[in-house]
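Asker: Return a 3D structure for these sequence lines:
(one chain, ligands or ions: 1)
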Amino acid sequence: MAGLHVRSVLVTGANRGLGLGFVQHFLKMPNPPQWIFAGCRDPKGQRELQNLASKHPNIIIIQLEVSDPTSIKAAAAKVGEHLGGSGLNLLINNAGMAKPCSLDNETPENMIQVYTTNTVGPLLMGQAFLPLLKKAAQETPGSGLSCSKAAIVNMSSYAGSIEDMYVWEFGQVVSYRCSKAALNMLSKCQSLAYKEHGILCITFHPGWVQTDMTGGPPLTVDDSVQGMLKMLSSISEKETGAFLDWEGKVLPW
Ligand code: NDP
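Answerer: Residues are numbered from 1 along each chain as shown. Next up, the predicted model:
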């Protein structure tokens with residue numbers, strides 16, 4: 001990953017699935033970040049993350065519930081303290097949830113809970129971490145945008161594509177699709193508003209990956225994360241605001 005040099009990264013939902021995969025892959029880089037902030041709801045209950053953190057002092061576990069604005073503000077303050085005056089290069093809004101509902105049995109409660117987690121969470125994370133991201137952009141020389149400088153990566157889903165209606169036969173998951181379509185719009189808004197601050201913003205479909213969320217599709221967490229990191233190492237201001245998959249393909253909105 002020669003092209004990705006981040007001093008600091010925060011991954012939300014880092015205790016399992018793709019989030020944990022990101023943490024593991026950052027550790028394996030030839031030039032690992034000095035700080036890998038691993039956000040999770042229940043730090044004490046995460047044996048795998050705890051084990052990793054006990055071996056790698058650059059992992060800092062941060063309590064973070066992305067549906068709770070107070071938790072987000074507290075996490076931003078904690079991360080700021082650790083960084084001691086320097087900025088945060090990369091924010092990966094990975095935490096997400098799905099409810100396996102069809103159009104017939106979808107409920108207001110699901111719609112609100114899934115939207116709050118998958119869409120409002122990344123909005124508030126962007127707002128709370130903006131000062132640290134801005135600082136990272138100011139600290140890094142050069143005028144262009146890059147993920148090594150300052151970036152927000154929103155983990156969306158092809159299931160949020162209105163044009164393609166990806167894997168509709170597999171599951172209607174209406175609340176999930178709506179939340180990810182809205183997250184795509186949020187990412188576009190962030191890309192336009194944060195460009196002047198030197199912050200690149202993209203929205204990713206990680207592929208259909210074997211995690212607790214999905215069961216057993218073909219793609220492994222390792223392959224997906226490796227693909228996404230390769231993309232992150234190569235994208236620049238041309239791609240800010242884009243909806244990409246783990247292999248770099250531009251997806252239809
Ligand atoms: P998992 O279900 O394996 O992991 C979800 C992670 O998000 C867990 O760490 C979970 O924490 C965390 N999380 C959920 N809700 C919250 C919350 N309110 N606050 C903080 N953390 C929370 O999912 P994946 O790893 O598969 O998914 C990661 C992201 O990728 C999601 O945004 C998902 O929508 C997206 N994605 C995944 C695909 C796939 O094929 N796997 C396809 C397309 C998109 P906890 O353990 O505490 O529940």
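Asker: Quickly find the element holding the residue nearest to residue 32 when sequence neighbours are not counted.
Answerer: In this structure, residue 32 finds its nearest non-sequential neighbour in residue 26, 5.9 Å apart by CB to CB, 6 or more residues apart in numbering. In this view, the C-beta of every residue, glycine as well, is placed from N, C-alpha and C. Under the criterion of DSSP states H and E, residue 26 resides in helix 17-28.
Asker: ok, the residue nearest to residue 32 - contacts?
Answerer: 6, 9, 32-33, 36 (CB atoms under 8 Å, 6 or more residues apart in numbering).
Asker: let's see 7 Å
Answerer: 9, 32-33, 36 (CB atoms under 7 Å, 6 or more residues apart in numbering).
Asker: Contact distance from the ligand - what residues of the chain qualify?
Answerer: By CB under 6 Å from any ligand atom, the residues of the chain that approach the ligand are 12-13, 15-19, 41-42, 64-67, 94-97, 117, 155, 157, 205-206, 208-209, 211-214.
Asker: one step back: show me which positions of the helix holding residue 26 end up buried.
Answerer: Residues of helix 17-28 classed as buried by neighbour count (16 or more other CB atoms under 10 Å): 17-26.
Asker: and if you look at stretch 64-83?
Answerer: Those would be 64-67, 71-72, 74-76, 79-80, 83, for stretch 64-83 by 16+ other CB under 10 Å.
Asker: and the two most separated of those residues?
Answerer: By the measure CB to CB, 67 and 83 form the most distant pair in the buried residues of stretch 64-83, at 24.5 Å.
Asker: Low-confidence ranges, this structure, go.
Answerer: In the predicted model, the chain carries pLDDT under 70 at residues 1-2.
Asker: show me where it has helices.
Answerer: Assigned by DSSP state H, the helices in the chain fall at 17-28, 47-55, 69-83, 108-115, 121-139, 174-194, 221-234.
Asker: and residue 192, what is it in contact with?
Answerer: Residue 192 is in contact with residue 241, counting by CB under 7 Å, 6+ apart.
Asker: Tell me how far it lies from the ligand.
Answerer: Residue 192 sits 22 Å away from the ligand, going by CB to the nearest ligand atom, to the nearest Å.
Asker: now residue 168
Answerer: 14 Å.
Asker: What's the local residue count around that residue?
Answerer: Other residues within reach of residue 168, judged by other CB atoms under 10 Å, total 11.
Asker: now do residue 170
Answerer: 12.
Asker: how far away is it from the ligand?
Answerer: In terms of CB to the nearest ligand atom, residue 170 sits 11 Å off from the ligand.
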